[in-house]
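Undergrad: have a look; sequence and predicted model below, questions after that.
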Amino acid sequence: MEGGTGVGIELLSEDVLHNILSRLPALSYASAACVSRSWRRVAAAVLSRPKLSSAISLNPSCQDAVEEVLDSVLSRPIRPHFAIACVGLKFSLERTQKLITKKLGSATPVITSFASGIIGGHAISEEFTEVNWSFESEDGDDFDLPTNRDQGIVLIVGFMPGLKVDAIPLLRSKEPYIPLIDKFVIDIRNYSAAVSGCTFPTGIVMFVGTGADMEHVLDEMVVPYGDDSRNISGSLKYYAEAVALVFARDNEKPQGVGETQFHVALSTGLEPVGPTHKAVSVKLVFNISECSTWLNASKEGINEVLDGHRILNDIYDEMDNGNASRRLFIGVTKQIKCSIGPEKVRWVTALEFYVVQGGNEKGLRIKGSGIKEGDPFRFYRSDYDSVLSSCNRAFEELRNLKQVCGGIVFSCYSRSDPTFSGRSGVDISPFLENFPGVPLSVMRCGRGGLISSGLIGRDNMRAAANRQEGLEESSPRCSCLRYCATLFLVVSYTL
């Protein structure tokens, strides 16, 4: 009070107090919520919906860049339930993690990984900025790259009312090299059961380490539909292969809190070319740096066995404009046996993609392993028109969503190839047009530390992928996120 005649701040109307609290930085907001019961009630109303706050910084100093994005994302009220940071290769993951954890507290799950590029609002100017660091041409030449290549960060902090969030690692033994997939899935289910009473989590975002065989992991794990989990770097027996950011409904959520929902849509950049083939003979070849598969195949309905030279010539004849320079892939349809622990074994259909490295009279050379004799496959090529049309289809699925609170886009690094698209913003303009003013961040995946990202077990993504590839709707998974693809994750809220 002033001079004993003014009105005390405790007598302010709730509308005025709401207006004041909504303008406070996160730390001041948290302090204000502790002043009294009435303030706490108003503070709860300020943060009654999910919130994603994000920022990017291109400061070449790791510490300064982290401080800039933290100051930006915490400049408005938010209670951090999780944080995702993606950085350039010249930044230290460990140092970035420590700086963020020190600010947000050790109780907040923080996932830090490398990325090939970042897109989002600048921490200082708030201008929407796109940076792609990684792309090199097939002959190894760099395209025009910023002078601060691989120096920068995008930070996303999320508040999810009605949900509990934790980071759960997929560990592997040091000797032998075996990912503990059963333990990983059981840990996820146990966490979900402990906080929600249900073994099926609301959603999972997967982050995979450099060199991890994600296809093998996904082939073995089925997720339908801790305190030590974040502190695994000091383990003497295990390495972390991947980490899952798990969202589960909170059984103890306060009355009146609505439902936070995740929606996903997939945009592919691959177009099928030519008929279906069947692998006839398969041979694995190992060298120091990688494994390749050599195969001969026959066309569907024809018994003649074709070598790699003949197969590629036929595919190039199928491609319009005689464009044989575009990278080729094969999509292999597989039947995979899945079971976890005592569960009954069941078979699911999956589509897995491999890079075509070339071919000659010995056979077709494919990067990687996992192809078996008798596996059917089709050729695919990267195609910009497919990117545009699939982006439009993805946002047709999301267009009618109400109460959208934010979005995260996980985009394959190849979508930033200047020779592929010739323009920027292809993955963000539909989102910005459909949801103006809604926070959005984009991570370019596929180089350094972030190999694969996606929300596992969501019906709408699975159905969309299956429809595109002609698989049955009952197929539990279609792993077509690996090349030239973008996954849109949108968060909404309903009372």
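TA: Nice, I can see it. Numbers count the residues shown, from 1 in each chain.
Undergrad: what's near enough to touch Cys291?
TA: Listed by Cβ atoms under 8 Å, 6 or more residues apart in numbering, the contact partners of Cys291 are 284-285, 368-369. Quick note: C-beta positions are derived from backbone N, CA and C, even for glycine.
Undergrad: and what of Ser75?
TA: Ser75 neighbours (Cβ under 8 Å, 6+ apart): 25-26.
Undergrad: wait, what's in contact with Trp39?
TA: Neighbour list for Trp39: 17, 21, 32-33 [criterion: Cβ under 8 Å, 6+ apart].
Undergrad: try 7 Å
TA: For Trp39, the residues meeting the contact criterion (Cβ atoms under 7 Å, 6 or more residues apart in numbering) are 17, 32-33.
Undergrad: any idea which strand is longest in the protein?
TA: Of all the segments of type strand in the chain, defined by DSSP state E, the longest one is strand 270-286.
Undergrad: mind listing what's buried in it?
TA: The neighbour-count criterion (16 or more other Cβ atoms under 10 Å) identifies 270-274, 277-280, 282 as the buried residues of strand 270-286.
Undergrad: swap in stretch 100-108?
TA: 100-101, 103-104, 108.
Undergrad: cool, stretch 310-317 as well?
TA: 310-312, 314-315.
Undergrad: can the residues you listed go into JSON lines with extra columns for distance to Val154 and secondary structure?
TA: Compiled in JSON lines, the buried residues of stretch 310-317 are given as follows (distance: Cβ to Cβ, whole Å; DSSP: H, G, I helix; E, B strand; the rest coil):
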{"residue": "Arg310", "distance to Val154": "46", "secondary structure": "helix"}
{"residue": "Ile311", "distance to Val154": "41", "secondary structure": "helix"}
{"residue": "Leu312", "distance to Val154": "39", "secondary structure": "helix"}
{"residue": "Asp314", "distance to Val154": "43", "secondary structure": "helix"}
{"residue": "Ile315", "distance to Val154": "38", "secondary structure": "helix"}
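Undergrad: closest one of these to Phe128?
TA: Ile315 (39.5 Å; Cβ to Cβ).
Undergrad: surely Glu373 is in a helix?
TA: No: for Glu373, which was evaluated using DSSP: H, G, I helix; E, B strand; the rest coil, the result is coil, with no helix membership.
Undergrad: give me the three-state assignment for Ala350.
TA: When states are read from three-state DSSP, the local structure at Ala350 comes out as strand.
Undergrad: surely it and Lys334 touch.
TA: Yes: at 5.2 Å, Ala350 counts as touching Lys334 under the criterion of Cβ atoms under 7 Å.
Undergrad: about what we covered before: save the buried residues of stretch 310-317 as TSV, and put in distance to Leu495 too.
TA: Below are the buried residues of stretch 310-317 laid out as TSV (distance: Cβ to Cβ, whole Å):
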residue	distance to Leu495
Arg310	62
Ile311	57
Leu312	57
Asp314	57
Ile315	53
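Undergrad: most widely separated two among those residues?
TA: Put simply, by Cβ to Cβ the two of the buried residues of stretch 310-317 set farthest apart are Arg310 and Ile315, 9.8 Å from each other.
Undergrad: helix or strand with the lowest mean pLDDT in the protein?
TA: Within the chain, no helix or strand scores below helix 459-469, which has a mean of 39 by mean pLDDT, DSSP states H and E.
Undergrad: show me what secondary structure element comes after it.
TA: Proceeding N to C from helix 459-469, the next assigned helix or strand is strand 486-494, under DSSP states H and E.
Undergrad: hmm, who's touching that next one?
TA: 49-50, 52, 258-267, 394, 398, 401-412, 415, 427, 431, 453-455, 481.
Undergrad: parallel or antiparallel, list what pairs with it.
TA: Applying DSSP bridges to the sheet, strand 486-494 is found paired with strand 259-267 (antiparallel), strand 404-412 (antiparallel).
Undergrad: pLDDT below threshold where in the stretch 351-495 of the chain?
TA: Regions of the stretch 351-495 of the chain meeting the criterion pLDDT under 70 cover residues 416-425, 446-483.
Undergrad: could the contacts of Cys291 go into a markdown table alongside distance to Ile181?
TA: As requested, those are exported to a markdown table (distance: Cβ to Cβ, whole Å):
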| residue | distance to Ile181 |
| --- | --- |
| Leu284 | 22 |
| Val285 | 27 |
| Gly368 | 19 |
| Ser369 | 18 |
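Undergrad: sounds good, over and out.
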